[in-house]
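K.L.:
Got a predicted model here, sequence first, then my questions.
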Amino acid sequence: MNNWNIELQKEFEKAQQARVSKNEGQARVCARRAAGIAIREYLTRQGTKVPSMSAYDLLNLLKEDPFIPADMQLIVDHLTVRVTEEFNLPFDADLIAEARILCNWLTAPS
């Protein structure tokens, strides 16, 4: 298993643990970090030198990729939406599940 893949699995485990502990904010952070790991791997495989960026910045960078299908673009949008003043998402979504879908798409063999 590749090093990035191990890190990816660790982030998803942390996300699930945070959710079980009723810490949805931390679960969102972990889901974003997992997506960041997958984005870095995706860009590296495409020959792009990836600058040292936060997962949030990598998600925003991915928004500019014209090859991202609409359904993946929607997930990227969900992962970058700001929470409300009550620290809730302004829509109903499971960001851990969505991040898994995005990560699987990004890391699938070409």
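P.N.:
Received the coordinates, thanks.
K.L.:
Need phi/psi at the closest residue to residue 55 other than its chain neighbours.
P.N.:
Spatial nearest neighbour of residue 55, excluding adjacent residues (Cβ to Cβ, 6 or more residues apart in numbering): residue 36 at 2.7 Å. Glycine gets a C-beta too; all of them are placed from N, C-alpha and C. For residue 36, the backbone dihedrals are phi -60, psi -40 (criterion: degrees, to the nearest 10).
K.L.:
State the number of residues packed around residue 36.
P.N.:
Residues near residue 36, counting by other Cβ atoms under 10 Å, number 26.
K.L.:
Geometrically speaking, which residue is the centre of this protein?
P.N.:
residue 35 (2.2 Å; Cα atoms, centre = their mean).
K.L.:
Identify the spatial nearest neighbour of that one, chain neighbours not counted.
P.N.:
In space, residue 35 is closest to residue 99, 4.9 Å off (Cβ to Cβ, 6+ apart).
K.L.:
got it, and residue 30?
P.N.:
Using Cβ to Cβ, 6+ apart, the closest residue to residue 30 is residue 15 (3.6 Å).
K.L.:
host element of that neighbour?
P.N.:
helix 3-20 (DSSP states H and E).
K.L.:
any residues touching that helix, and which ones?
P.N.:
24-27, 29-31, 33-34, 37-38, 40-41, 96, 99-100, 103, 107 (Cβ atoms under 8 Å, 6 or more residues apart in numbering).
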